[in-house]
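Chemist: I need the structure of the sequence given here:
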Amino acid sequence: MKTIYYLLLLVPVLGYNQSNWKLAKNQRDIEIWVRDYKDSPYKEYKATTIIKTSLESVVQELLEAPEYMQNCKEGISHLVKVNDAQEYIFYVRNEFPWPIKNRDVVSKLNVQKISDNKVKLFINAVPNEIPELEKTLRIQELSGYWLLEQEGGTVKITQQLYINPEGTLPPFVTNSLLVTGPFRTFTSLKHTLENVNS
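Modeler: This is a model prediction of the structure:
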């Protein structure tokens, strides 16, 4: 995951209700949906696309990241460790202009093979896995998943995610990023995987 697909981890999301998804963007074969999330002022999103690639290539791309180090590059997902349960721990830090505080998030990806043609990667916040940094807000609430479904020579990719950005960021600011962040992420993922397999 070079320019990685956790950039959107610092973007809030919407909804728990299994219905009420609203299509916010449909472009370049990428759909972004949003909805309210329980009693949170922030929303969650669901992004989907179909890529000509293999299931294995998508999993590898999602789990590949540079090793975590102190002062790691901003905006890039870094692999902290893989624990005994084969859970992948990632770290991302995003810097914001003053007076907004920088944010970071530590997340755990648990990979489950549902069938030969379907893999699900569950995403959850694990804020205590590494020490907090000064002048940086650590995200405490994050949950969602990647769902990868092989269909012949293509893979349908779905990501659903909710994040509480912490602090005093107005919900209208963070919710406005729910479309642009995932769309950028899926565009990059699509470009990378289609070029690898072309």
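
Chemist: helices or strands next to whichever helix in the chain runs longest in the packing?
Modeler: Assignment by DSSP state H gives helix 177-196 as the longest helix of the chain. The contact analysis (3 or more CB pairs under 8 Å, 6 or more residues apart in numbering; DSSP states H and E) places helix 177-196 against strand 22-27, strand 30-36, strand 43-51, helix 55-63, strand 154-164. Glycine gets a C-beta too; all of them are placed from N, C-alpha and C.

Chemist: Could I get the average pLDDT for that helix?
Modeler: Mean pLDDT, computed over helix 177-196, is 86.

Chemist: Identify each buried residue in that helix, please.
Modeler: Under the neighbour-count criterion of 16 or more other CB atoms under 10 Å, helix 177-196 has 177-179, 181-183, 185-186, 188-190, 192-193 buried.

Chemist: can I get the CA coordinates of that helix in PDB?
Modeler: Provided in PDB are the C-alpha atoms of helix 177-196 (Å, rounded to 0.1, in the frame of the first residue of the first chain):
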ATOM      1  CA  LEU A 177     -14.700  14.900   2.900                       C
ATOM      2  CA  LEU A 178     -16.700  11.600   2.800                       C
ATOM      3  CA  VAL A 179     -16.900  11.600  -0.900                       C
ATOM      4  CA  THR A 180     -13.500  13.200  -2.000                       C
ATOM      5  CA  GLY A 181     -11.400  11.000   0.300                       C
ATOM      6  CA  PRO A 182     -12.800   7.600  -0.700                       C
ATOM      7  CA  PHE A 183     -13.000   8.600  -4.400                       C
ATOM      8  CA  ARG A 184      -9.300   9.500  -4.400                       C
ATOM      9  CA  THR A 185      -8.400   6.300  -2.600                       C
ATOM     10  CA  PHE A 186     -10.400   4.100  -5.000                       C
ATOM     11  CA  THR A 187      -9.100   5.900  -8.100                       C
ATOM     12  CA  SER A 188      -5.500   5.300  -6.900                       C
ATOM     13  CA  LEU A 189      -6.300   1.600  -6.100                       C
ATOM     14  CA  LYS A 190      -7.900   1.100  -9.500                       C
ATOM     15  CA  HIS A 191      -5.000   2.800 -11.300                       C
ATOM     16  CA  THR A 192      -2.400   0.700  -9.400                       C
ATOM     17  CA  LEU A 193      -4.000  -2.700  -9.900                       C
ATOM     18  CA  GLU A 194      -5.000  -2.200 -13.500                       C
ATOM     19  CA  ASN A 195      -1.500  -1.100 -14.400                       C
ATOM     20  CA  VAL A 196       0.000  -4.100 -12.600                       C
END
